[in-house]
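In: pasted the sequence and its predicted model underneath.
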Amino acid sequence: MLLSDASSSHGLFRRFHLDPPLLAGLLLLAGIGLVILFSAASQNEAQLWRQVTRLAVSFGVMLLFAQISPDTLMRWSHWIFAIGLIMLVAVLVFGDTGKGAQRWLRLGSIRFQPSELMKLAVPMMVAAYLAEKPLPPRLSHLFIATLVALVPTLLIAKQPDLGTAVLIASSGIFVLLFAGLQWRIIGIASVLAVPTAWLLWTFGMHDYQRTRVLTFLNPENDPLGAGYHIIQSKIAIGSGGTYGKGWLNGTQSHLEFLPERHTDFIFAVFGEEFGFIGILLLLTLYFLIVLRGLYIASQAQDSFSRLLAGALTMTFLIYVFVNIGMVSGLLPVVGVPLPLVSFGGSSMVTLMAAFGILMSIHTHRKLLKD
Amino acid sequence: MTRRRATLLKNPIRERQLFQVRGIIALLFSLLLMTILISRMFYLQLTQHEHYTTLSTNNQVSIRPIAPTRGLIYDRNGVVLAQNLPTYSLEIIRERVEDIDQTLEEIGELIQVSGEDLTRFRRELKRSRRFKAVPLRFRLDNREVALIAVNRHRLPGVEINSTLTRHYPQGELTAHTVGYVGRINEKELKQLDPSNYATTTYIGKIGVEKSYESLLHGMVGHQQVETNVRGRVLRVLERTPPEPGQNIHLNIDTALQRVAQQAFGEERGALVAIEPESGAVLSLVSVPSYDPNLFVNGIPLKTYRALSDNRDQPLFNRALRGQYPPGSTTKPFIGLAGLELNQITTLNTIACKGWYSLKNDDHRYRDWKKTGHGTIGLNRAIVESCDVFFYDLSLKLGIDRISSYLAHFGFGKKNGIDIGGESRGLLPNRKWKRRIRKEPWFPGETLITGIGQGFFLTTPLQLSSATAALSLRGRHMRPLVVREIEDPGSHLSTPLPPTLIHQAPIVNDGNWWRIERAMTQVIHGPKGTARRISHGLRYKIAGKTGTSQVFTVAQDAEYDAEEISKRLRDHALFVAYAPVKKPKIAVALIVENGGSGGAVAAPIARKLIDRYLLGDNATRGRDTDAAQ
């Protein structure tokens, strides 16, 4: 069912360019998200309804993007990327500041985060550029493609928004990898990563970002300050055990020990209340969605579609990995939400737009009957 | 080669194959990431589960101590001397108040709130959690409590909190025995059991409150509460109630205390009355006194200065710590020593010509009676308080024998009263003088020791205790302020057993009886120095007056009390016990700069003993007599 092609048998889904397996997975995920949000937000119904509204909007955006054919997207790629880049520069010049970072751009009454647009624009642009070139890419093409991904990444890291920067960089890298980036180049890049990381640490990072990395390396060092998040979320997850404490019974989250428990750290609430079994099921669901995305990529008919679908899918996986990794103390706290589960607006819209693009890629194939 | 490849057209089939390979690698990569996450969860939730469960429990459950109620203090008749009274304070919980300024204004219209209160309140408000109650006003009276209560619906978040505060209803009457509690200071904090005193803010500072602190305090209780991260209590899981402190019943008789204190009038002085058989301290007076209630909530510095700098020293416990020359009240003890150590008999007489001098020394040791007592024996020497007789006797005894004999009656050492704080006094001897003064002992010093002057110092407690011992033929009981300890739960009382501290060696009962007879004649004899208090007496008193010099009269100078300022006048002393046949009360008292023992001190003792032996009616009758 997951890997089969159901769109041909369901007229309605086909007409709206929807992919039933992917849609089912996403809806299920959103449902789980609402259930755990109700618990994490201390059974605050108003908050629940705000999330439902956001979900509705996001699924609407997904539907919208599903109608745009991959050819059109490819043609628009340059423009979208250019606009996104201009807005990123604008943010740095006169953006709004929130939580110590400049991320927002105000257009009239609407606040807008250009970095969200770049989450789509970067893989689209890199894919569109490489799709016209013979693959695997030549070194000069590779250089330009890297530049296309690197410039917005650095602009966003400067805001500073480390989480989004990581996601955008990886979306670009995934396009390159799917395009057939030579293994020796991958090898050289890995070797070069070490001095680059050192340079980044010394010159490219804000103090609070360094603190986050240090805290990640040893959270017990500062149990009441920066390490508090990680310690508390590990306690929440660990005390959940095999079966969890049950829905609405998570003590760490309900007694307010866990900070940001309905946004970035909602996974800890999930882990506490549903235990290892619940996490296993949730991760399986995420994996199935990734699997479907990779299947769609493999079935795509042109390079642009393939590269974009593959990169968007893998970026989704990185979302999940980075969020759960940071909540469970594997990775530094970089502020990446858990897709479709965390409370929050703009990143969810982007995410669903990406799934809209995946559906579009799958449903706009020219069916070649043999 | 490279250049040629660049000109190659795109090869869709090759590209598709390349992508398939990369797709499979991506799939494997996804599997790897998922495996990492699952292993991490396995580690946290299964391997380390117990560890995190412990941490989680510690996070939410905390132990909160509950303060025990301090034990009460009663007098021997059940009159409350120390109690715990609820006092009301007005507190505000910030998170329940919408507009704090408006609320403060409304409270200000109802009750008086000073600028000082407001400043302190705002400062504390900033530092407190939003759900914590912050006090605005302390010690609200009943009218203010009612005003707030009536307007409560208009003042959400405003609460009246009642706490127990120590209160001494008898005020200054019992201040020097009961003592007082005060805030725990840093030095005390270091010595306390931190868990038992976790919520206690007061501790006994002096008197019974201090000496019996461990019994009065009780045991702290605990409750296990579930809290959130900010410490807000969500619910109580388990409760171990505190054990209230023991109630303490004193030997002190408040009515007797009042009679004694009133008898002193405006004079300064001290009085200790003891029940000889048990050592029970019936009354302990040190005047002027002070109001112990001032100290409970922290005494304002100005008030404290006024008390401590007062020339009359109200904070000084004269009964326990005041060291005075005992004067002629020493004479019965010296006389007993003379008889017991076979230095004199009652038949021995000397000629008193008004003064005494040593061989090879023309210094004249005066008698209080300038004309002299003529030929005089021991009995008359006690009754009329002849100094010359005792100069002669002292010389015969020598300082060492005087010193060691008087020590049998507890002079020169602590008597072990159970509320502590007593002074040793000073019973001089050769050894002491050489050690402290680095001087030899002079015979003249023996003479004046024999009439209770010179280096010899006693406390009113020592005098009273020694008199009680004398009344029991040398059986010296430990003076006890506390009578019994009562468990507040079962109401079972444990009396403090009377303790014999020493038996003075009286070999010949006849000797003792001769001293008692002389002391009885001090009051009842026609020439006794305290004969004026015998009027209308319905029982027999044995006693001895004393007048101790504060001011040394220069040789050949005329002594005129009127001319010497009041502060330099002699201290008036009196020791007594009654009834003589079966002593029920022994008393010693001093009136500082009171002048004559017989005229000033003895009447105070009479009033006290009357009240104790005859009860309320006798005193009232006497008062009416006096009024007529």
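Out: That came through fine.

In: excluding chain neighbours, give the residue nearest to the residue of chain A at minimum distance from chain B in space.
Out: Distance from chain B to each residue of chain A (CB to the nearest CB) is smallest for residue A:238, at 2.6 Å. Placement of C-beta: from N, CA and C, glycine included. Once flanking residues are discounted, residue A:238 sits nearest to residue B:52: 2.6 Å by CB to CB, 6 or more residues apart in numbering or on different chains.

In: gap between the helix or strand containing the one you found and the chain center?
Out: Using DSSP states H and E, residue B:52 sits in helix B:49-60. Helix B:49-60 has its average C-alpha position 49 Å from the chain's average C-alpha position, going by CA atoms, centre = their mean, to the nearest Å.

In: so where's the chain uncertain?
Out: By default, I'm working from chain A. Where chain A drops to pLDDT under 70, the residues are A:1-10, A:95-104, A:106-111, A:204, A:212-213, A:215-227, A:253-259, A:345, A:367-370.

In: was after chain B, sorry
Out: Along chain B, the model assigns pLDDT under 70 to residues B:1-9, B:59-62, B:228-232, B:551-565, B:617-628.

In: tell me which residue of it lies closest to chain A.
Out: For chain B, CB to the nearest CB, closest residue to chain A: residue B:52, 2.6 Å.

In: that residue and residue A:325: what is the separation?
Out: As for residue B:52, its distance to residue A:325 is 18 Å (criterion: CB to CB, to the nearest Å).

In: and for residue A:148?
Out: Distance of residue A:148 to residue A:325, computed by CB to CB: 27 Å.

In: and for residue A:365?
Out: Residue A:365 is 35 Å from residue A:325, where distance means CB to CB.

In: out of those two, which sits in the busier spot?
Out: Ranked by neighbour count (other CB atoms under 10 Å in any protein chain shown), residue A:365 and residue A:325 place residue A:325 first, with 22 against 16.

In: now the more buried one: closest residue in space that isn't a chain neighbour?
Out: residue A:331 is the one closest to residue A:325 (CB to CB, 6+ apart), at 3.7 Å.

In: next, residue B:486: phi, psi?
Out: Per-residue torsions, residue B:486: phi -110, psi 130 (degrees, to the nearest 10).

In: count of residues packed around it?
Out: Neighbour count of residue B:486, defined by other CB under 10 Å: 19.

In: again with residue B:526
Out: Residue B:526 has 8 neighbours, counted by other CB under 10 Å.

In: any idea which element residue 291 lies in?
Out: You didn't pick a chain, so chain A it is. Using DSSP H and E, residue A:291 sits in helix A:266-299.

In: try chain B instead
Out: Counting by DSSP H and E, no helix or strand carries residue B:291.

In: pull the contacting residues for it.
Out: Contacts for residue B:291 (CB atoms under 8 Å, 6 or more residues apart in numbering or on different chains) come out as B:168, B:171-172, B:175.

In: likewise residue B:601?
Out: Contacts for residue B:601 (CB under 8 Å, 6+ apart) come out as B:545-546, B:572-574, B:589-591, B:594.

In: ok, 6 Å please
Out: B:572-574, B:589, B:591 (CB atoms under 6 Å, 6 or more residues apart in numbering or on different chains).

In: what's the neighbour count on the residue nearest to it when sequence neighbours are not counted?
Out: Excluding the flanking residues, the one nearest residue B:601 by CB to CB, 6+ apart is residue B:574, at 3.6 Å. Residues near residue B:574, counting by other CB under 10 Å, number 36.

In: doesn't residue B:235 fall inside a strand?
Out: Yes. Checked against DSSP: H, G, I helix; E, B strand; the rest coil, residue B:235 lies within a strand.

In: is the closest residue to it other than its chain neighbours in a helix, a strand, or coil?
Out: Leaving aside its chain neighbours, residue B:235 sits nearest to residue B:226 (5.3 Å; criterion: CB to CB, 6+ apart). Using three-state DSSP, the structure places residue B:226 in strand.

In: alright, that wraps it up for me.
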